[in-house]
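[1] Got a predicted model here, sequence first, then my questions.
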Amino acid sequence: MLEAMLMCKKKASGVKGQPDVGYNFDTDRSTGKTAIAVANLAGNVVAPPVALAGYSKALNEGNNNFGITPLTAMDVGTGDFTLEFAFYMTNTTSGYSIMFFGDNNGIGYEIRFANSGYGDRLQVSLQPGVGNSNFSVKATRAQLANKWNHIAFQRSKGKVIVYLNGVKQGLAINTGIDYSVSEQPSAQDISGTKTLRFGYTGLAGSAYIPEFAFYKGVKYVADFTPSYPLVK
């Protein structure tokens with residue numbers, strides 16, 4: 001009886017296959033179902049300070065902006081998504097270090113190291129200007145600096161989820177220090193993005209990113225081991 005029940009039990013699984021949007025900066029190619037262009041790459045794709053297996057070059061964000069077109073490529077409205085990439089951050093000082101930015105009048109994707117008010121922690125948000133819509137992981141900037149890390153920023157059924165180096169994270173709200181909850185509510189409609197880019201003016205220090213992938217769905221449903229390149 002138990003064996004029959006186990007055989008009938010459905011296994012949770014995320015989206016698989018080619019991402020909806022993606023770009024490999026090492027090979028200079030769009031990797032998703034929707035072809036995109038990334039501006040300002042000339043001279044900014046270099047050998048990173050430390051190699052990451054699967055790549056020889058990476059985008060060096062520095063203080064530059066790298067706009068993505070078409071802007072509608074990552075439009076999911078209020079739906080599920082997964083945005084993932086590996087990063088190497090050299091900056092260990094305070095101040096905002098925004099690695100990815102998507103905005104529609106204050107609503108959109110954002111992955112950043114926050115300022116000292118947030119303890120210089122890695123943070124994600126879909127409404128950056130509203131405190132209780134900003135979520136921080138426990139790892140600080142200093143703990144993540146000068147080594148390769150992988151982040152997967154997801155929304156699943158109206159809940160934000162973050163995997164750091166393949167491990168599901170507890171998420172503190174705003175400047176809080178409570179990491180006991182790993183899925184935080186976030187129902188923002190991010191349709192009609194007006195800005196979609198890597199880097200942000202004022203980025204403190206340098207972030208190196210070899211590739212990113214975006215899925216209109218949830219890719220990860222359990223802890224995992226990141227592998228590269230993201231899109232084979």
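    Now that the structure is in, tell me what you want to look at.

[2] any weak-confidence spans in the chain?
    Residues of the chain that meet the criterion pLDDT under 70 lie in 1-13, 116, 201-205.

[3] Now do the helices in it.
    With DSSP state H as the definition, the chain shows helices at residue ranges 2-8, 141-144.

[4] need the contact list for residue 105.
    Contact analysis of residue 105 by CB atoms under 8 Å, 6 or more residues apart in numbering lists residue 194. For the C-beta atoms, the positions are set from N, CA and C on the backbone; glycine is no exception.

[5] and what of residue 184?
    With CB under 8 Å, 6+ apart as the criterion, the residues that contact residue 184 are 135, 159, 160, 171, 173.

[6] Report how many residues lie close to the closest residue to the first one other than its chain neighbours.
    Setting aside the residues directly before and after it, residue 135 is nearest to residue 171 in space (CB to CB, 6 or more residues apart in numbering), at 4.1 Å. Around residue 171 sit 25 other residues, with neighbours defined as other CB atoms under 10 Å.

[7] Test my guess that residue 171 contacts residue 181.
    Yes - with contact defined as CB atoms under 8 Å, residue 171 reaches residue 181; the gap is 6.3 Å.

[8] Find the nearest non-adjacent residue to residue 59, please.
    Distance criterion CB to CB, 6+ apart; nearest residue to residue 59, sequence neighbours excluded, is residue 25 at 4.3 Å.

[9] was I right about the one you found contacting residue 40?
    No - with contact taken as CB under 8 Å, residue 25 and residue 40 are classed as non-touching, separated by 11.7 Å.

[10] In contact with the residue nearest to residue 135: list those residues for me.
    Shown here is residue 171, whose contacts under the criterion CB under 8 Å, 6+ apart are 135, 136, 137, 160, 162, 179, 181, 182, 183, 184.

[11] make it 10 Å
    With contacts defined as CB atoms under 10 Å, 6 or more residues apart in numbering, the neighbours of residue 171 are 123-124, 134-138, 159-162, 178-184, 186.

[12] and what of residue 73?
    Taking CB under 10 Å, 6+ apart as the contact definition, residue 73 lies against 20-22, 30, 32-37, 193, 196, 214, 216.

[13] do the same with residue 23
    Per CB under 10 Å, 6+ apart, neighbours of residue 23: 29-32, 35-38, 41, 59, 66, 68, 85, 198, 209-214, 231.

[14] cutoff 8 Å now
    In this structure, residue 23 makes contact with 29, 30, 31, 32, 36, 38, 68, 211, 212, judged by CB under 8 Å, 6+ apart.

[15] Let's see if you can find the most crowded of those.
    Comparing the contacts of residue 23 on neighbour count, residue 212 comes out first with 27 neighbours (neighbours: other CB under 10 Å).

[16] partners of that one in the sheet?
    Beta bridges link residue 212 to residue 23, residue 85, judged by DSSP bridges.

[17] That one is in contact with residue 83, isn't it?
    Yes - counting by CB under 8 Å, a contact exists between residue 212 and residue 83, whose distance comes to 7.1 Å.

[18] list residues touching both of these two?
    Taking CB under 8 Å, 6+ apart as the contact criterion, the residues that touch both residue 212 and residue 83 are residue 100.

[19] Could you count how many residues lie near residue 83?
    22.

[20] Surely it is in contact with residue 100?
    Yes - checked against CB under 8 Å, the pair residue 83 and residue 100 is within contact range at 7.1 Å.

[21] Mind listing the shared neighbours of the two?
    Each of 109, 111, 212 lies in contact with both residue 83 and residue 100 under the rule CB under 8 Å, 6+ apart.

[22] ok, for residue 66, nearest residue in space, not its chain neighbours?
    Nearest residue to residue 66 in three dimensions, chain neighbours excluded: residue 198, at 4.2 Å (CB to CB, 6+ apart).
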